[in-house]
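*Asks:* Give me a 3D structure for the following:
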Amino acid sequence: MDKKTRKRERDTVLVFCLRDSSFLVFGLLLPVYFFLYDMPPEFSVQLAPIRGLDAPASISPAFNVTLHAGNRRVTGRCYHNSEALVSYAGFTIASGRVPGFCVDGKGAREIRFLASADGVGLPEHVLDRMALERRVGATQLDVEVKLFRRDDGSNRPMWIWCARRMEGAQPPNVTPCTVLGLQNWFSLNMYAAKYK
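*Replies:* The predicted structure follows:
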């Protein structure tokens with residue numbers, strides 16, 4: 001065997017080793033990391049109206065809101081300085097502060113808070129539509145929650161959106177939510193640089 005042939009064989013072995021180690025890292029270890037460690041949290045909401053959705057000219061609603069938080073990560077997560085909005089047809093009808101909370105790894109927790117407002121003026125056609133929907137038990141309310149992470153020191157925001165159909169006098173059911181947040185390493189660096 002000459003030198004060229006030996007060099008070519010050595011290069012071929014090196015390429016195979018790199019390919020196999022890349023497969024090990026990206027094909028096996030990275031998915032294990034995301035499935036066992038960095039799974040996004042799950043949220044759902046329960047919304048119980050207390051008062052104020054049936055006023056003729058303006059509304060002064062109040063809602064007991066229960067946010068169900070499920071942590072699918074191995075390590076705990078904490079949130080603070082959070083706020084919530086309840087809206088109807090794009091109009092904010094109530095707001096409230098969500099108390100700070102932590103959820104243990106692979107744990108779940110319920111967070112209760114009040115969302116309210118006084119004298120919310122809505123256009124007449126929106127009030128008429130709301131009254132009609134309430135009569136047939138089909139009022140759709142949106143709950144939006146903005147949470148800030150506390151456990152990693154980044155204050156990264158996470159937005160939660162839940163569409164909740166209010167069905168008359170039936171007991172409030174739990175509605176799953178859509179979670180939008182910065183979940184990867186690249187967005188962490190971009191967010192930290194932009195908001196420092």
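*Asks:* any idea how far C102 is from R51?
*Replies:* 32 Å (CB to CB, to the nearest Å). Using the backbone N, CA and C atoms, a C-beta is placed for each residue, glycine as well.
*Asks:* Of the two, give the one with the bigger neighbour count.
*Replies:* C102 (15 against 12; other CB atoms under 10 Å).
*Asks:* For the more buried one, which residues are in contact?
*Replies:* Neighbour list for C102: 76-79, 109, 151 [criterion: CB atoms under 8 Å, 6 or more residues apart in numbering].
*Asks:* how about 6 Å then?
*Replies:* By CB atoms under 6 Å, 6 or more residues apart in numbering, the residues touching C102 are 76, 78.
*Asks:* helix or strand for it, which one?
*Replies:* strand 101-103 (DSSP states H and E).
*Asks:* residue ranges of the helices in the chain, please?
*Replies:* 3-22, 30-36, 124-136, 185-194 (DSSP state H).
*Asks:* can you map out the strands along this structure?
*Replies:* 42-51, 58-59, 62-70, 77-88, 91-98, 101-103, 108-116, 120-121, 139-149, 157-166, 175-176, 178-181 (DSSP state E).
*Asks:* Lowest mean pLDDT across those, which one is that?
*Replies:* Among these, strand 58-59 carries the lowest mean pLDDT, at a mean of 76.
*Asks:* Just the residues contacting that one, thanks.
*Replies:* So strand 58-59 is contacted by 52-53, 119-121 (CB under 6 Å, 6+ apart).
*Asks:* 7 Å - rerun?
*Replies:* With contacts defined as CB atoms under 7 Å, 6 or more residues apart in numbering, strand 58-59 is touched by 52-53, 93, 119-122.
*Asks:* out of those residues, who's nearest A131?
*Replies:* L53 (9.1 Å; CB to CB).
*Asks:* Let me know how buried that closest one is, in neighbour terms.
*Replies:* Neighbours of L53 using other CB under 10 Å come to 20.
*Asks:* Just give the nearest non-adjacent residue to it, would you?
*Replies:* Using CB to CB, 6 or more residues apart in numbering and skipping residues adjacent in sequence, the residue nearest L53 is P61, 5.3 Å away.
*Asks:* mind listing what that neighbour touches?
*Replies:* 49, 51-53, 93-94, 116-117.
*Asks:* List phi and psi for it.
*Replies:* Dihedral pair for P61: phi -80, psi 150, per degrees, to the nearest 10.
*Asks:* got the strands of the chain as CSV, with distance to R129 columns?
*Replies:* Converted to CSV, the strands of the chain look like this (distance: least, CB to CB, whole Å):
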stretch, distance to R129
strand 42-51, 17
strand 58-59, 13
strand 62-70, 19
strand 77-88, 9
strand 91-98, 11
strand 101-103, 35
strand 108-116, 21
strand 120-121, 15
strand 139-149, 9
strand 157-166, 14
strand 175-176, 21
strand 178-181, 24
